[in-house]
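S.K.: The amino acid sequence is not available; the structure is as follows:
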C-alpha cells in the first residue's frame, strides 16, 4: 500500500513537472512570436501574444516589457509607463524596463525624470553608448552643459566617430550660443559623411554662419541642402535670411516667396517678405504683405512695418500712434522709442521727442543708442 501511494505521488509530481514545462514552452513561444511581431511593427498582434503570457504568468518580465515597448511604439506613453513600472515592481533593475521607461518620459518632455532613470540604468551598465548619448541629450534639454558635455565626450572616448555624440555636441554648443565651437562638430560630421551627408548637417552649418553673421559662408550650405530637398523649409528660410543679412533683398524675396507658395498663412514669413519689399522701396507691395500677416493674427513686426511705411510717407502722426500701441505691449523695446522720437523730430517737436526717449530711461535700462539720440536732439533745442 505504501509503494502504491509512493507511485501515485511520483506520478502526480511528474505530471505537474510536465505541465509546468509545457507552460514554460508556451510562454517561450509566445514571447518569441511577440518580439518578432514587434520588430515588424505589428504592435497590435504583438500585444495579443504578450497578453496571453500574462494569463499564464501575471508578472512575466518579458511580457510586461513587450507590452511597454508595443505601447511606446504606438506613442501610448502613459500606458507603456504602467507596464514598465509593473515590471520593475517585480523585477527591480530590469534594464529593458528602465530604458523604455526613460524613453517614455523623454517623449513626454519630462527630461529630469528620464535622467533619473537613465542614471539608475548606468549603475548596471555604464558602457552602453545608446544610453549615454540619450542621457547627454536629456541634460542638454535641461541646459546642464557640463554633464551633457561630459557624457558626449565619454562616448567619443569609447567610439571616436560616434555620430550621435558629435551631433549632440554640435547642438549643445549651438544651444549655448557658442557658434564657432558648434561649427567644428558640424564640420566634422560633414567630413565623416562625404558623399551621403545628412541635410540636417548642412542646415546646421548654415545656421551657425547665420548666427555668426558670416552670411556669405552660410549660403553654399543652404544651397546644397536645397539640392537634396527643394522645398526644405529650414534651407529656404536660412537662404532667405542670409541674403537678407547681406542686404540682397531681391534674392531674399525669391526664397521668402517660395516658402509662402508652400504656406500662405505663415505670418512670420509674410512680415519678412514685407520688410524686403519695404527695403527695396516697394512700399505698396510691402503694405499688402503686412496686412495679410495681420489678417492672420496680431503681429508686432507687421504693425512696425506699417508704421515705418507711414513714417517714410510722411504720415508721422499715424506712425506715432502705431508705435505707442506697440510700446504699451513691449515697453522695453528701445527701437520703438527711437522710431517714435524720429517722427516727433520730423514734425519739429524736439522737446516731445526728448521726453519720449526719457520715458525709456525711467524703466531703469541703460541704452547707448537712446542716450546718443537724446544728446543729438538736445543740440537742436
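M.R.: That came through fine. No experiment lies behind these values; they were computed from the predicted model shown.
S.K.: nearest residue to residue 318 other than its sequence neighbours?
M.R.: Take residue 318 and drop its neighbours on the chain: the residue closest to it by CB to CB, 6 or more residues apart in numbering is residue 310, 4.4 Å away. Heads up, the C-betas are built off the backbone N, CA and C, glycines and all.
S.K.: element containing that neighbour?
M.R.: Using DSSP states H and E, residue 310 sits within helix 300-313.
S.K.: Relative to residue 142, how far out is the closest residue to residue 136 other than its chain neighbours?
M.R.: Nearest residue to residue 136 in three dimensions, chain neighbours excluded: residue 151, at 3.7 Å (CB to CB, 6+ apart). The spacing between residue 151 and residue 142, counted by CB to CB, to the nearest Å, is 13 Å.
S.K.: Over to residue 95?
M.R.: In this view, residue 95 and residue 142 are 23 Å apart by CB to CB.
S.K.: Who has more neighbours out of the two?
M.R.: Higher neighbour count among residue 95 and residue 142: residue 95, with 15 against 12, using other CB atoms under 10 Å.
S.K.: Can you point out the buried residues in stretch 207-226?
M.R.: Residues of stretch 207-226 classed as buried by neighbour count (16 or more other CB atoms under 10 Å): 207-210, 215, 217-219, 221-222, 224-226.
S.K.: Restricted to helices, list these.
M.R.: 207-210, 215, 217-219, 221-222, 224-226 (DSSP state H).
S.K.: Please tabulate those residues in CSV, including the columns distance to residue 292 and pLDDT.
M.R.: Shown next, in CSV, are those (distance: CB to CB, whole Å; pLDDT from 0 to 100):
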residue, distance to residue 292, pLDDT
207, 27, 98
208, 32, 98
209, 30, 98
210, 25, 97
215, 27, 98
217, 33, 98
218, 28, 98
219, 28, 98
221, 30, 97
222, 25, 98
224, 32, 96
225, 27, 97
226, 25, 97
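S.K.: Would you mind checking which of these is nearest to residue 185?
M.R.: Each of these was scored against residue 185 by CB to CB, and residue 208 proved nearest at 9.7 Å.
S.K.: which other residues reach stretch 39-52?
M.R.: Outside of stretch 39-52, the residues within contact range by CB atoms under 8 Å, 6 or more residues apart in numbering are 30-31, 33-35, 37-38, 62-64, 66-67, 70-71, 73-74.
S.K.: So for it, mean pLDDT?
M.R.: Regarding stretch 39-52, the rounded mean pLDDT is 95.
S.K.: next one: stretch 181-192
M.R.: On average, stretch 181-192 scores 96.
S.K.: buried set for it?
M.R.: 182, 183, 185, 186, 188, 189, 190.
S.K.: next one: it to chain centre, how far?
M.R.: Stretch 181-192 sits 19 Å away from the centroid of its parent chain (CA atoms, centre = their mean, to the nearest Å).
S.K.: what's that stretch in contact with?
M.R.: 161, 163, 166-167, 169-174, 197-198, 201-202, 204-205, 208-209, 212.
S.K.: Mark which of those residues are part of strands, please.
M.R.: Counting by DSSP state E, no part of these is found in strands.
S.K.: If any of the residues you listed are buried, give me the PyMOL selection for them.
M.R.: Per 16+ other CB under 10 Å, the buried members of the contacts of stretch 181-192 correspond to this PyMOL selection:
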select buried, resi 166+167+169+170+171+172+173+174+197+201+202+204+205+208+209
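S.K.: which residues touch residue 333?
M.R.: 326, 327.
S.K.: oh, I was asking about residue 80
M.R.: 67, 68, 69, 70, 71, 72, 100, 104.
S.K.: May I have the phi/psi pair for the fifth one?
M.R.: Yep, that's residue 71 we're talking about. phi -70, psi -40 (degrees, to the nearest 10).
S.K.: Counting neighbours, what do you get for it?
M.R.: 22.
S.K.: Look up the closest residue to it, ignoring the ones flanking it.
M.R.: Nearest to residue 71 is residue 80, by CB to CB, 6+ apart, at 3.8 Å.
S.K.: State the distance from that neighbour to residue 96.
M.R.: 12 Å.
S.K.: tell me the contacts of the residue sitting nearest the centre point of the chain?
M.R.: Closest to where the C-alpha atoms of the chain average out (CA atoms, centre = their mean) is residue 141, at 9.0 Å. For residue 141, the contact set (CB under 8 Å, 6+ apart) comprises 109, 111.
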